[in-house]
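**Q** need a structure here:
(chains A and B)
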Number of protein chains: 2
Amino acid sequence: MLRAVALAERAAGRTSPNPMVGCVIVKDGEVIGEGWHQGPGTPHAEPAALAEAGDAARGATAYVTLEPCNHYGNTPPCSEALIAAGVAEVVYAAADPNPLAAGGADRLRAAGIRVRHVLVPEADRLIRPWVHGLTASRPYVYAKLAMSLDGRTATKTGESKWITGPEARTHGHLLRQRTDAIIVGVETVLADDPGLDPRPEGVVPAPSLKIVMDSRLRTPAEAKLLSTPGDVLIFTTGTADWQAEDALREQGAEIIRIPSVNDRPSLSAALAHLKEIGCQSVMIEGGGTLLSSVFDDGLVDEVWAYIAPLILGGGRPAISGEGPDQLASAFTLADRQVEQLGTDLFIRGTLQRREEAVCSQAS
Amino acid sequence: MLRAVALAERAAGRTSPNPMVGCVIVKDGEVIGEGWHQGPGTPHAEPAALAEAGDAARGATAYVTLEPCNHYGNTPPCSEALIAAGVAEVVYAAADPNPLAAGGADRLRAAGIRVRHVLVPEADRLIRPWVHGLTASRPYVYAKLAMSLDGRTATKTGESKWITGPEARTHGHLLRQRTDAIIVGVETVLADDPGLDPRPEGVVPAPSLKIVMDSRLRTPAEAKLLSTPGDVLIFTTGTADWQAEDALREQGAEIIRIPSVNDRPSLSAALAHLKEIGCQSVMIEGGGTLLSSVFDDGLVDEVWAYIAPLILGGGRPAISGEGPDQLASAFTLADRQVEQLGTDLFIRGTLQRREEAVCSQAS
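**A** The predicted structure is shown next:
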């Protein structure tokens, strides 16, 4: 099953609005077919794997990261494909929460196929943004933090290159590649002038969107992110300068004026718009003020934090807001993963208010 | 050897000004004697282990965390004790850097005993504060940080109980027990009123010293740390109020006026005094302002950081200073250990300026 997860991951960042799915067909202890969903309009993982297995699929076992679908969408139901191929057993990890497509397991059982459901956290993680997207009115939001042990992202003079090491930075690019948009605050554009290139390794994922939250359109026309690959979208407020808008449009940026909250473009409005244009997941890259707002508004679903073994003692905080009054309202990281990346630590987790986490433990 | 390290650890906080040392005597694959140094005036680890082994020590192998001493101090040389007992082999981890006592390995070899020197990081860590004390004019300084993932120790309203979990707090008490003094800034006394009890688990280590850095003697006479076990020493400046001094003396505190730097009692002067009165190691418990000063002054030798899987987004920073201008002047943690303690992470490391770390890697 972990092999199937790894296959699914190959299409990270390219399957939206579909989920990542992987499938491995095994017969007599040997892998006879592998497949993964490569994105909208391409085959699902199961037919792809069945195609590779050919006639040998008869009597084999199929391992799928997600319950096979049971409906006619762009492609016929995978349940029918598995039945037609004559597989003897289907093992799936995540249950399909999509009411439209669910029922695959029952359909297979009705056709006399042995069906097993196994719990694999890696497979659940794979589809989390997609599951979120089935019901939520905004994309799945990742917050990325890259900071010193004491939570700083730059010295007081603004030096930020590089706090984390090369392994952590490369790993961070994986996150860029798996999201549909990268969001930064204008302060970060002004301070660091990042390129936000979504394909720094030469990989070509789906074109990624670069987004700036910029209340007064202070993004300079010569900002680096305007010249790197990918589209640029700038959310601003109704009062922003029209000449600045024209200058940025000339550089190819799309400018969208949305309602403001505390003189800043509303994050909820921006996320709702991104959902409408098809973004399943977005990543907040920084800076501290923007991160503080998304946390305060309870809009973060998952944190990817890179912690360097450094003490700065001062400088720019990774998240620079006021935070809650009470510890009970702080966010706690659930389903945590901790990994060593070179000399840095990587901590990943989904977010819950601490009080809710305590309640859900008690219940 | 790791068993010998564990034995040595049993006397953590009680051996000052001597090092922690452990010894295991093995014969025919069986442990026949174990010993550890329990503090000044008590036997060294080797004689203690030899006493347990008795005559069986003849022909055995002795594993010692530190090169056996070769001089007459309070006790006769351990090298002679090992020779007299007739051991066939001595394996030691850390070499004795003390010129007065070194030469044990040579003495043993001269007596026909097989001697092996093995590198065991755990054994080196054991004697680090003691080695530091052989040459430095101040105690070995530990900085303890207990904070959220984003480097905060309290919410904006000051709620700090508890950011880390019970396992991390118990672990932090180990550090208190192994140091000769706990130091806090007066801001922490005023904000959190900590008891700083060095023996919260009912363990009775050597009486530990509680120290407050308090430029204007604002420590209240009813502060909790004045009523918990252990002596209290308050470092202040020449201009502090004399009536406040009298009131604190009445509560049993010792007040020492030392030179000031930026209107604060000089940390170097305080540490020099602590060295003079026999402190081999001290721990800075907080708060953020005091920690910032000790880091800025380059006075921290080792960091023990506890990181809770929480995002606060604001509130009190763990270290609240300005920090250096350049990343090259940040501190990097060497000889790192990372451990999971309940839901928290524990990161321990010794400190080096980053530029020096880079240089020492290059050389």
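**Q** Show me where the stretch 51-200 of chain A has its helices.
**A** Using DSSP state H, counting those that start in this stretch, the helices of the stretch 51-200 of chain A run over A:78-85, A:104-110, A:121-126, A:128-135, A:166-178, A:186-192.
**Q** nearest to residue B:278, of these?
**A** helix A:166-178 (43.3 Å; C-beta to C-beta). Bear in mind the C-beta positions are built from the backbone N, C-alpha and C, glycine included.
**Q** Mind listing what's buried along the closest one?
**A** A:167-169, A:171-172, A:175-178 (16 or more other C-beta atoms under 10 Å in any protein chain shown).
**Q** Next: stretch A:28-38.
**A** For stretch A:28-38, a neighbour-count test (16+ other C-beta under 10 Å) marks A:32-38 as buried.
**Q** do stretch A:339-350 as well
**A** Those would be A:341-350, for stretch A:339-350 by 16+ other C-beta under 10 Å.
**Q** Tell me which of those fall in strands.
**A** Counted as lying in strands by DSSP state E, out of these, are A:341, A:344-350.
**Q** Which members of these are the farthest-apart pair?
**A** It's A:344 and A:350 that sit farthest apart of these, by C-beta to C-beta, at 20.8 Å.
**Q** Relative to the whole chain's centre, how far out is stretch A:326-336?
**A** Centre-to-centre, stretch A:326-336 and its host chain are 20 Å apart (C-alpha atoms, centre = their mean, to the nearest Å).
**Q** Ok, stretch A:109-123 next?
**A** Using C-alpha atoms, centre = their mean, the offset of stretch A:109-123 from its chain centre is 26 Å.
**Q** I'd like the distance from stretch A:47-67 to the chain centre, please.
**A** Per C-alpha atoms, centre = their mean, the centroid offset for stretch A:47-67 relative to its chain is 28 Å.
**Q** in it, what's buried?
**A** So, applying 16+ other C-beta under 10 Å, buried residues of stretch A:47-67: A:47-50, A:52-53, A:56-57, A:60-67.
**Q** Check stretch A:248-267 too.
**A** Those would be A:248, A:253, A:255, A:258, A:260, A:264-267, for stretch A:248-267 by 16+ other C-beta under 10 Å.
**Q** Turn the buried residues of stretch A:28-38 into CSV, columns for distance to residue B:144.
**A** Below are the buried residues of stretch A:28-38 laid out as CSV (distance: C-beta to C-beta, whole Å):
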residue, distance to residue B:144
A:32, 57
A:33, 55
A:34, 50
A:35, 52
A:36, 47
A:37, 49
A:38, 50
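**Q** out of the residues you listed, which are inside strands?
**A** Using DSSP E, these in strands are A:32-36.
**Q** Among these, which one sits closest to chain B?
**A** residue A:36 (31.5 Å; C-beta to the nearest C-beta).
**Q** partner residues bridging the closest one?
**A** Judged by DSSP bridges, the bridge partners of residue A:36 are residue A:22.
**Q** Run a quick check on it versus residue A:21, I expect a contact.
**A** Yes - counting by C-beta atoms under 8 Å, residue A:36 does reach residue A:21; the two are 6.6 Å apart.
**Q** shared neighbours, these two?
**A** Common contacts of residue A:36 and residue A:21 (C-beta atoms under 8 Å, 6 or more residues apart in numbering or on different chains): A:8, A:45.
**Q** Redo the buried residues of helix A:166-178 as TSV? Include distance to residue A:74 and pLDDT.
**A** Listed next are the buried residues of helix A:166-178 as TSV, based on distance: C-beta to C-beta, whole Å; pLDDT from 0 to 100:
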residue	distance to residue A:74	pLDDT
A:167	38	93
A:168	38	93
A:169	37	90
A:171	33	89
A:172	33	87
A:175	28	80
A:176	27	81
A:177	24	79
A:178	22	81
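**Q** Which of the residues you listed sits closest to residue B:317?
**A** Closest to residue B:317, out of all of these and judged by C-beta to C-beta, is residue A:168, at 22.2 Å.
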